[in-house]
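Undergrad: Structural data only, the sequence is not supplied:
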């Protein structure tokens, strides 16, 4: 099954296009102990609550950095968490921003798809075609490859908004994504710049290519899910293809709720984000 | 001691500005066994030959991807090899092309400097200022941060050569490197494009900032060390600051030499590259 079909099926089955970001921060986890034990328990508690409350978002995005900073125990926890979520039929995007010269990208592609065994990965575009191609080979095996296109952070403007011949760099990256097209290639576009999200997603819609968007930046980074959905539907998109990511807004929702029940608070936060997105009713209206 | 001083001291002590790239490829290593054992033995044999033949290049650059594709045994070998080379007074650059939004880059910076404990890292610039800043914080602790500026691969032209207001993107990255300047910030500039290498290095020379260059692409990628040195000296650079990297040209030199003595062949390849660069005589002439 190709990655696009996996995304659509998962959205329909779970009535959700939320992606839960897994960015563990030891100090925020209300469990004593060392990283491996704490991370596994925290995310297994959240998983159990998701399953028992039937609030499955369908997809998770572990962030490589937050595991790797703890060395081998962190990376072992990442492996364990990927397995746990796979067993409960989650798709897993490894957010690792890989990318290097061709031969090295081949090695990275093997790392993410053969060792970590995830469904998709994020890839940095600065090094161009041969740095992206080895990842795209895996699209034929049902994998997804999200190219950084317009990122959600303040520094994004430094290079991504440089305009040449009337075209900003981020849009040139979108053009390349269409040039490179294989079913499974996607784009990371931040929720924090809704006008640019609309511009990019309508470009993809007009190019007649189905490019799934991974949209970080709602919640703590300041983007609004309602604005994202408005931008996507205006551009004429099939919402089931795209994912809106929230990390600390879900996993650390207990802080705002002033409760110790982090797993329950996470499930409620997923429900709130689902409600804000209102996927089912939008799909029904557009059908 | 700051990273620039470390580079200069190492160059003077070893009469070398060669960086040995550590890109292990299991099939090319003439040792039976699994990745951990093979990688550690292969690079420990090369290290022993370097020490006993007194042909110390001063710095190595392990490539994260080639270890990570083998999972935990690969990463354990990376840790062991970093330790081995540190013990013999090598500087170690982790070539990992890290970079993400600010908070995530903070985690990556901790990964590379606190867990891997290397002296320097390569960082991708596409996400802008806040993605680079957390790495630069470590310059105050003697660390080096090489920003991808003009890479050595064919795909480099796709985005890096896009021109706006007469200025190609790679040169805008050079400008930002000067804006971001701290002692220890460096730039990756491929040997495969000598004209652009000269342009970038003379820009840094004119900006009166000491920006160490990490120059991959000689040998198997087709760049010439003599051309690199000519470009650098023309731009008025202190050669002791820069490093010319060769990976398979050194570690797999045994293939061209048609010998089984890979360690001996590696040492000879370092010597040949040193001779081609001719560091000592150029430094004496310019002194």
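TA: Nice, thanks for sending it over. Just so you know, these numbers come straight off a predicted model, no measurement behind them.

Undergrad: Identify the spatial nearest neighbour of the closest residue to chain B within the stretch 151-287 of chain A, chain neighbours not counted.
TA: Closest approach between the stretch 151-287 of chain A and chain B, counting by CB to the nearest CB: residue A:155, at 2.7 Å. For every residue, glycine as well, the C-beta is placed using N, CA and C. Nearest residue to residue A:155 in three dimensions, chain neighbours excluded: residue B:128, at 2.7 Å (CB to CB, 6 or more residues apart in numbering or on different chains).

Undergrad: circling back to that earlier point, just confirm the residue of the stretch 151-287 of chain A closest to chain B contacts residue B:130, I think it does.
TA: Yes: if you go by CB atoms under 8 Å, residue A:155 and residue B:130 touch, sitting 4.1 Å apart.

Undergrad: tell me, what's touching those two both at once?
TA: B:101-102 (CB atoms under 8 Å, 6 or more residues apart in numbering or on different chains).

Undergrad: Residue A:141 - how many residues pack around it?
TA: By other CB atoms under 10 Å in any protein chain shown, 10 other residues sit near residue A:141.

Undergrad: Next up, phi/psi of the residue nearest to residue A:155, please.
TA: phi 80, psi -170 (degrees, to the nearest 10).

Undergrad: for the stretch 1-150 of chain A, which spans come out with low pLDDT?
TA: Under the criterion pLDDT under 70, no range of the stretch 1-150 of chain A is flagged.

Undergrad: For it, which residues are neighbours of chain B?
TA: A:23, A:63, A:65-66, A:68-72, A:75-76, A:95, A:97-102, A:104-105, A:107-108, A:110-111, A:114-115, A:124-132, A:148 (CB under 8 Å from any CB of the partner chain).

Undergrad: Now the buried members of these.
TA: By neighbour count, with 16 or more other CB atoms under 10 Å in any protein chain shown, these hold A:23, A:63, A:65-66, A:68-71, A:75-76, A:95, A:97-102, A:104-105, A:107-108, A:110-111, A:115, A:124-132, A:148 as buried.

Undergrad: Just the ones of those residues in strands?
TA: Members of these lying in strands (criterion: DSSP state E): A:95, A:97-98, A:148.

Undergrad: from those residues, which is closest to residue A:5?
TA: residue A:95 (22.1 Å; CB to CB).

Undergrad: In this structure the closest one contacts residue A:61, no?
TA: Yes: using CB under 8 Å, residue A:95 makes contact with residue A:61 at a distance of 5.1 Å.

Undergrad: Give the residues shared as contacts by these two.
TA: Joint contacts of residue A:95 and residue A:61 (CB under 8 Å, 6+ apart) are residue A:21.

Undergrad: Quick check: closest non-adjacent residue to residue A:182.
TA: Of all residues beyond its chain neighbours, the one nearest residue A:182 is residue A:139 (4.2 Å), with distances taken as CB to CB, 6+ apart.

Undergrad: Identify the residues contacting the most centrally placed residue in chain A.
TA: By CA atoms, centre = their mean, chain A has its centre lying nearest to residue A:214, at 4.7 Å. Residue A:214 makes contact with A:19, A:61, A:93, A:122, A:146, A:186-189, A:242-243, A:245, according to CB under 8 Å, 6+ apart.

Undergrad: So which of the residues you listed is surrounded by the most neighbours?
TA: residue A:189 (33 neighbours).

Undergrad: and residue A:237, which of the three is it?
TA: Following DSSP: H, G, I helix; E, B strand; the rest coil, the label given to residue A:237 is coil.

Undergrad: related to what we said a few turns ago, pull the contacting residues for the residue nearest to residue A:155.
TA: A:153-160 are the contacts of residue B:128 under CB under 8 Å, 6+ apart.

Undergrad: tell me the two of those residues that are most distant?
TA: By the measure CB to CB, A:154 and A:159 form the most distant pair in these, at 12.7 Å.

Undergrad: What confidence value was assigned to the residue lying farthest from the centre of chain A?
TA: The centre of chain A is farthest from one residue, residue A:165, which by CA atoms, centre = their mean lies 31.2 Å away. Looking at residue A:165, its pLDDT stands at 96.

Undergrad: repeat for the one 4 residues further on
TA: pLDDT for residue A:169: 98.

Undergrad: and what of the one 10 residues further on?
TA: pLDDT, residue A:179: 98.

Undergrad: Share the number of residues neighbouring it, please.
TA: Count around residue A:179 with other CB under 10 Å applied: 10.

Undergrad: if I look at it, how far off is residue A:135?
TA: Distance of residue A:179 to residue A:135, given as CB to CB, to the nearest Å: 15 Å.

Undergrad: Need the nearest residue in space to residue A:2, chain neighbours excluded.
TA: The shortest distance from residue A:2 to any non-neighbouring residue, by CB to CB, 6+ apart, is to residue A:183 (4.8 Å).

Undergrad: Now do the contacts for the one you found.
TA: Counting by CB under 8 Å, 6+ apart, residue A:183 makes contact with A:2-4, A:139, A:210.

Undergrad: can you check residue A:223 too?
TA: Residues near residue A:223 by CB under 8 Å, 6+ apart: A:152, A:190-192, A:194, A:215, A:217.

Undergrad: ok, 6 Å please
TA: The contact partners of residue A:223, by CB atoms under 6 Å, 6 or more residues apart in numbering or on different chains, come to A:191-192, A:217.

Undergrad: can you redo the residues you listed as JSON lines with neighbour count?
TA: What follows is the contacts of residue A:223, written out as JSON lines (neighbours: other CB atoms under 10 Å in any protein chain shown):
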{"residue": "A:191", "neighbour count": "24"}
{"residue": "A:192", "neighbour count": "23"}
{"residue": "A:217", "neighbour count": "26"}
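
Undergrad: how many other residues sit next to residue A:121?
TA: Neighbours of residue A:121 (other CB under 10 Å): 26.

Undergrad: Done for today, thanks.
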